[in-house]
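Chemist: dropping a prediction and its sequence here:
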Amino acid sequence: MTRLTSEIVKSIPQRLNDYDKELKNKIKCTLRELAFTAVEGDIKRKPDINNAIAGVVPMTFGEGVIPGFSYAVSSIISHIGMESFVTENRDITGIEEAIDRGANILFIADDLRFIALNILSGKYVDNADATALGYSTALEIAAGGLQGKKVLVIGAGKVGKRLVGYLKIKKAKILLVDKDFSKASMLEGPSILAYRSIEEAIKETNLIINASPATIKDDWINSETVLSAPGVPLGVSKRGIEKLDTRLIHDPLQIGVAVMAVKSASL
Ligand SMILES: NC(=O)c1ccc[n+]([C@@H]2O[C@H](COP(=O)([O-])OP(=O)(O)OC[C@H]3O[C@@H](n4cnc5c(N)ncnc54)[C@H](O)[C@@H]3O)[C@@H](O)[C@H]2O)c1
């Protein structure tokens, strides 16, 4: 997983309204609508965030706090209509503060994991899971359904493995590539085929989810290509971004956090 930087997250809070307009232009729904659609498809009932209060607790473990990260997370949660605040204190004192201030969902992250922990139900949502659910749903909407369609998944790590799970449920035919071929071949099954290179697999489909930092070359992109790309950095050139136009779904945090919020409130 690529560590986010202050540079990447600092503009997120003030750009959320523009973000919604852009997303609506691409897949005809806002961030809140995408998160609700994704979670409803997953838990098979209407999500409910009305009684949820999120406490985002900055953590100093490992490489430490990314300036602006907790505020960006809290802004995304508030933007989709859930009450949220960032604690003034960090680490365990921050958790204590969040609970004292009425939070029932804790957003906590270290270098390896980022979870939303529902302290009432005792259940949690991992960011890798929520990211996979959000980006597979966004691709499903953009493609008008995935049943029987071939989808190339690049990266068989934490997000990629979960993507494979969600795409199986959506009845897609999965083409899986990882620079470590053994990671992809390990997941092979009736609807999952491992390929040795992106070049080889990309000839088979225009629907791509990039869950890795892999580069998507300009000449792999045509007028039908849809790229749903949680991978950071994006790995598409300026020319590639122009070619994809509204068929590119990518952000560094928004979709994953919005789905974490809605799902953790509904568990
Ligand atoms: N946008 C978001 O909200 C969000 C959330 C979580 C993770 N991410 C990003 O998504 C990506 C995947 O995250 P993760 O937690 O699964 O990471 P991970 O390290 O668990 O998995 C990444 C996988 O990609 C493979 N890989 C790396 N370079 C590759 C290449 N050139 N071609 C093919 N495969 C390659 C690796 O071997 C690994 O299996 C990372 O870039 C991460 O930063 C984004």
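Modeler: Done, it's in. Residues are numbered from 1 along each chain as shown.

Chemist: so what's whichever residue of the chain sits closest to the ligand scoring on pLDDT?
Modeler: Closest to the ligand within the chain is residue 157: 1.7 Å, counting by C-beta to the nearest ligand atom. (C-beta placed from N, C-alpha, C; glycine too.) On pLDDT, residue 157 comes in at 97.

Chemist: go on, residue 66?
Modeler: So, for residue 66, pLDDT stands at 89.

Chemist: isn't it right up against residue 5?
Modeler: Yes - look at residue 66 against residue 5 with C-beta atoms under 8 Å: they come within range, at 6.7 Å.

Chemist: ok, the two, which is more surrounded?
Modeler: A direct count of neighbours by other C-beta atoms under 10 Å for residue 66 and residue 5 places residue 66 higher, at 19 against 14.

Chemist: could you say which helix or strand holds that one?
Modeler: If you go by DSSP states H and E, residue 66 is not part of any helix or strand.

Chemist: what does the one 5 residues further on give?
Modeler: With the criterion set as DSSP H and E, the secondary-structure element containing residue 71 is helix 69-79.

Chemist: if you count neighbours, what's buried in that helix?
Modeler: 69-79 (16 or more other C-beta atoms under 10 Å).

Chemist: can you give me phi and psi for the residue most central in space within the chain?
Modeler: In the chain, the centroid-proximal residue (C-alpha atoms, centre = their mean) is residue 131; its distance is 2.2 Å. Main-chain dihedrals, residue 131, degrees, to the nearest 10: phi -60, psi -40.

Chemist: what of the one 10 residues further on?
Modeler: Dihedral angles phi and psi of residue 141 (degrees, to the nearest 10) take the values phi -70, psi -50.

Chemist: tell me how far it lies from residue 29.
Modeler: Remark: distance between residue 141 and residue 29 (C-beta to C-beta, to the nearest Å) = 7 Å.

Chemist: shaky segments in the stretch 1-150 of the chain?
Modeler: By pLDDT under 70, the weakly predicted segments of the stretch 1-150 of the chain are 1.

Chemist: could you pull out the strands in it for me?
Modeler: 53-57, 83-86, 105-109, 114-118, 123-126, 150-154 (DSSP state E, counting those that start in this stretch).
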